[in-house]
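*Asks:* the following block contains a protein sequence and its predicted model.
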Amino acid sequence: QVQLVESGGGLVQTGGSLRLSCAASGRTFSRYTTGWFRQAPGQEREFVAAMSWIGSGGDYADSVKGRFTISRDDAQKTMYLQMNSLKPEDTAVYYCAARSGTVVAMTSSGYGYWGQGTQVTVSS
């Protein structure tokens, strides 16, 4: 079992940066593949980034590639999403998620554990 709690969301201007954090509880966090998703009003939840616990680097949605970076600190049981060059279209509720195993999933159905979400608003 893993419990996830996000933090770090807020209001930022276009071109600004934010770093989201996701604190996990559970003894086996280091063996979970982790990801970030987002959901804008009236839209489906979409994949943003994910990272396997075997440390093979991150996978990213095309819309955020080159601007966002996913990372994790297993000793602190925390994962991060560094978001740079933010755009108004990045405005959404951001969720962290976790799944057992090494395979990265890019659909929300592939994850069994979710945080409560944190709002990110990018003003133009």
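*Replies:* All right, it came through fine.
*Asks:* what's the residue most central in space within the chain in contact with, if anything?
*Replies:* Centroid-nearest residue in the chain: Trp36, 2.3 Å away (criterion: Cα atoms, centre = their mean). For Trp36, the contact set (Cβ atoms under 8 Å, 6 or more residues apart in numbering) comprises 20, 22, 48-50, 70, 81, 94-97. Backbone N, C-alpha and C define where each C-beta goes, glycine included.
*Asks:* what sits closest to it if chain neighbours are left out?
*Replies:* Val48 (4.3 Å; Cβ to Cβ, 6 or more residues apart in numbering).
*Asks:* secondary structure element for the one you found, which one?
*Replies:* Using DSSP states H and E, Val48 falls within strand 46-51.
*Asks:* hang on, the earlier thing: can you tell me which of the contacts of Trp36 is nearest Ala61?
*Replies:* The shortest approach to Ala61 among those belongs to Val48, at 5.6 Å (Cβ to Cβ).
*Asks:* the closest one: neighbour count?
*Replies:* Neighbours of Val48 under the rule other Cβ atoms under 10 Å: 25.
*Asks:* and for Gly66?
*Replies:* Gly66, neighbours per other Cβ under 10 Å, totals 9.
*Asks:* list the contacts for it?
*Replies:* Gly66 neighbours (Cβ under 8 Å, 6+ apart): none.
*Asks:* and for Ser52?
*Replies:* Contacts of Ser52 (Cβ under 8 Å, 6+ apart): 33, 102-104.
*Asks:* now go through those residues and say which are in strands.
*Replies:* Counting by DSSP state E, those place Thr33 in strands.
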